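[1] I'll drop the sequence and a predicted model, then ask my questions.
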Amino acid sequence: RDPQLRPQLDQLAREGLRFTNNCVTTSICGVSRATLLPGQWMSRHGNPAFAMFKTPWAETYPGLLRASGYFVGHVGKWHNGSFPADKFDFGEGRITPMRHWLKQPDGTEIHVTRKNENDAMEFLRTRPSGKPFCLTLAFVATHAEDQHPQQYLPQPESMSLYQDVKVPVPKTATEEHFRRLPPFIANDRNEGRNRWKWRFDTPERYQEYMKNYYRLATEVDTVCGRVLAELKKQGVLDQTLVIFTTDNGYYHAEHGLADKWYPHEESIRVPLIVRDPRMPAAKRGGTNGDFTLNVDLAPTILAAAGIAAPRGMQGRSVSALYLATARPAWRTEFFYEHAIIRTKEFIPASEALVRKDWKYFFWPDYGVEQLFHLSVDPREENDVVGVPANAAVLAELRRRFRELKAAAGAPL
């Protein structure tokens, strides 16, 4: 086998630090990618339609890096309206649509992950030597091709992977668990249920589509290894901060749903691996269980470059969790938000206060609350909002929810 097919992200985690409680503040690709740029909650930077990205570009991490002399590139998915080619040194004409197979000028097709790889390699091989650089490689996969009946379309050479594997079905992927959801979710008008029907509604389809999903993920993993190998070949890997993350979680039929949007663990939790040349040897290969968020990555990147974060950035550099000699004070909770899409029947708005032991949901379109005791119910199977013994906890969570919500959108 090609040695590049060995798990490359596993190796990245062995050389860096893996954050096991990393989450997004809004679980949808477009908003989450917008959140990464200025390190701000959606409430401050804009809305899902991106008609109101309110943060000045000069206060985003690529804007600040470029102003400080960095050669800045973006390849792959953008999903924030028209790509601002004039804001980057590299990126114009390389932003791909949400399809897995793309037409090339000569009429042939190329897989989107291969194109992402080619563009990344072009950036690395043509960048000005001796100039600091920042590349955002935004893979399109494993996002489904929603308009295609097969949803997940890997490359032919990947089809032999996982052939003899039976993908485990989540415990909560049952009709009973779907019916435990609030009635405005547990119906056939909800888009999460519609997409479940596209992908997971029979055992056979579940196996077929999940294997193709994992094949796409393996292809991304392989390209990550090739990018790291190129950095090593150029002699700059051990001078380069490498961050791997994703823009939202994903329901693989948990709660009878597909895709993301809502505040369940499957939707909001995302991977985060940081390989930092400054990281002490004792930290490498380990894990950190603190709450880290997508809003933290912009200030993390700026801190590594020695650039002060603007006052409007709401996250914190995660480097404090592995560089500080004494454990820093760190968040133990956070506010989650997602706006309505189209109608409240299609995708209703959702909000939450997230802690490790409790989670409070609020569905603003319906005025409905839910409460989950994660310490004893990590799969969020039992809503205990109406249990009298939880009244004091509920009152305290409501109070903190209001405070953190106000802080997320507070003007400067």
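    Looks like it arrived, so ask away.
[2] may I see the buried residues of the helix ranked longest in the chain?
    Scanning the chain for the helix with the most residues, using DSSP state H, yields helix 203-233. Under the neighbour-count criterion of 16 or more other C-beta atoms under 10 Å, helix 203-233 has 206-225, 227-228, 230-231 buried. All C-beta spots, glycine's among them, are computed from the backbone N, C-alpha and C.
[3] then stretch 131-138 to CSV, C-alphas only?
    Output of stretch 131-138 as CSV, limited to C-alpha atoms (Å, rounded to 0.1, in the frame of the first residue of the first chain):
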residue,chain,number,x,y,z
LYS,A,131,8.8,35.4,3.4
PRO,A,132,6.5,34.2,6.2
PHE,A,133,3.3,32.5,4.9
CYS,A,134,-0.2,31.4,6.0
LEU,A,135,-2.2,28.9,4.0
THR,A,136,-5.8,28.0,4.7
LEU,A,137,-6.6,24.7,3.1
ALA,A,138,-10.4,24.4,3.3
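[4] pLDDT of the longest helix of the chain, averaged?
    Taken as a whole, helix 203-233 has an average pLDDT of 98.
[5] so which other helices or strands are in contact with the very next helix or strand once past it?
    Proceeding N to C from helix 203-233, the next assigned helix or strand is strand 242-245, under DSSP states H and E. Applying 3 or more C-beta pairs under 8 Å, 6 or more residues apart in numbering; DSSP states H and E, we find strand 242-245 packed against helix 8-15, helix 203-233, strand 272-275, helix 297-304.
[6] mind listing the strands the shortest one pairs with, and their directions?
    Put plainly, it is strand 272-275. Paired strands of strand 272-275, with direction, are strand 17-23 (antiparallel), strand 242-245 (antiparallel) (DSSP bridges).
[7] quick one: the first one to helix 8-15, angle?
    Interaxial angle of strand 17-23 relative to helix 8-15 (axes from the mean of the first three to the mean of the last three C-alpha atoms, to 10 degrees): 110 degrees.
[8] and after strand 17-23, which helix or strand comes next?
    Past strand 17-23, the next helix or strand by DSSP H and E is helix 29-36.
[9] that following helix: how far from the chain's middle?
    In terms of C-alpha atoms, centre = their mean, to the nearest Å, the centre of helix 29-36 is found 8 Å from the chain centre.
[10] what's that helix in contact with?
    Helix 29-36 is touched from outside by 24-26, 41-42, 45-46, 48, 50, 53, 61, 77-80, 138, 143, 247-248, 294-295, 297-298, 338-339, with contacts defined as C-beta atoms under 8 Å, 6 or more residues apart in numbering.
[11] recalculate using a threshold of 6 Å.
    Residues outside helix 29-36 that contact it (C-beta atoms under 6 Å, 6 or more residues apart in numbering): Val24, Thr26, Met42, His45, Pro48, His79, Asn80, Asp247, Asn248, Asn294, Leu297.
[12] and for stretch 269-289?
    By C-beta under 6 Å, 6+ apart, the residues outside stretch 269-289 that reach it are 12-24, 238-239, 241-246, 249, 292, 321-322.
[13] could you look up the SS state of Arg399?
    Secondary structure, DSSP: H, G, I helix; E, B strand; the rest coil: Arg399 is helix.
[14] hmm, which of the contacts of helix 29-36 is lowest in pLDDT?
    The weakest per-residue confidence within these falls on Pro48 (52).
[15] quick one: neighbours of Cys134, just the number.
    Cys134 has 21 neighbouring residues, counting by other C-beta atoms under 10 Å.
[16] which helix or strand contains it?
    Assessed by DSSP H and E, Cys134 sits inside strand 133-138.
[17] packing partners for that strand?
    Strand 133-138 sits against strand 71-76, with contacts defined as 3 or more C-beta pairs under 6 Å, 6 or more residues apart in numbering; DSSP states H and E.
[18] try it again at 7 Å.
    strand 71-76, helix 112-126 (3 or more C-beta pairs under 7 Å, 6 or more residues apart in numbering; DSSP states H and E).
[19] quick one: Ile243 and Leu137, what's the gap?
    Using C-beta to C-beta, to the nearest Å, Ile243 is found at 10 Å from Leu137.
[20] between the two, which one's more packed in?
    Ranked by neighbour count (other C-beta under 10 Å), Ile243 and Leu137 place Leu137 first, with 20 against 17.
[21] specify the beta-bridge partners of the more buried one.
    With DSSP bridges as the rule, Leu137 is bridged to Val75.
[22] can you pull the contacts of it?
    Contacts for Leu137 (C-beta atoms under 7 Å, 6 or more residues apart in numbering) come out as Val75, Gly76, Asn116, Ala120, Val227.
[23] all helices for the stretch 251-400 of the chain, in order.
    With helices called from DSSP state H, counting those that start in this stretch, the stretch 251-400 of the chain shows them at 265-268, 297-304, 320-323, 391-409.
[24] okay if I get the ones you listed as TSV plus mean neighbour count and distance to Thr174?
    Below are the helices of the stretch 251-400 of the chain laid out as TSV (neighbours: other C-beta atoms under 10 Å; distance: least, C-beta to C-beta, whole Å):
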stretch	mean neighbour count	distance to Thr174
helix 265-268	22	14
helix 297-304	22	35
helix 320-323	18	37
helix 391-409	15	27
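[25] and what about the residue most central in space within the chain, helix, strand or coil?
    In the chain, the residue lying closest to the centroid (C-alpha atoms, centre = their mean) is Asp247, at 2.1 Å. Three-state call for Asp247 (three-state DSSP): coil.
[26] what's the spacing between it and Asp146?
    Between Asp247 and Asp146 the computed distance is 15 Å (C-beta to C-beta).
[27] same check, this time on Val169
    Distance of Val169 to Asp146, computed by C-beta to C-beta: 22 Å.
[28] okay, those two: which has more neighbours?
    More crowded of Val169 and Asp146, by other C-beta under 10 Å: Val169, with 16 against 11.
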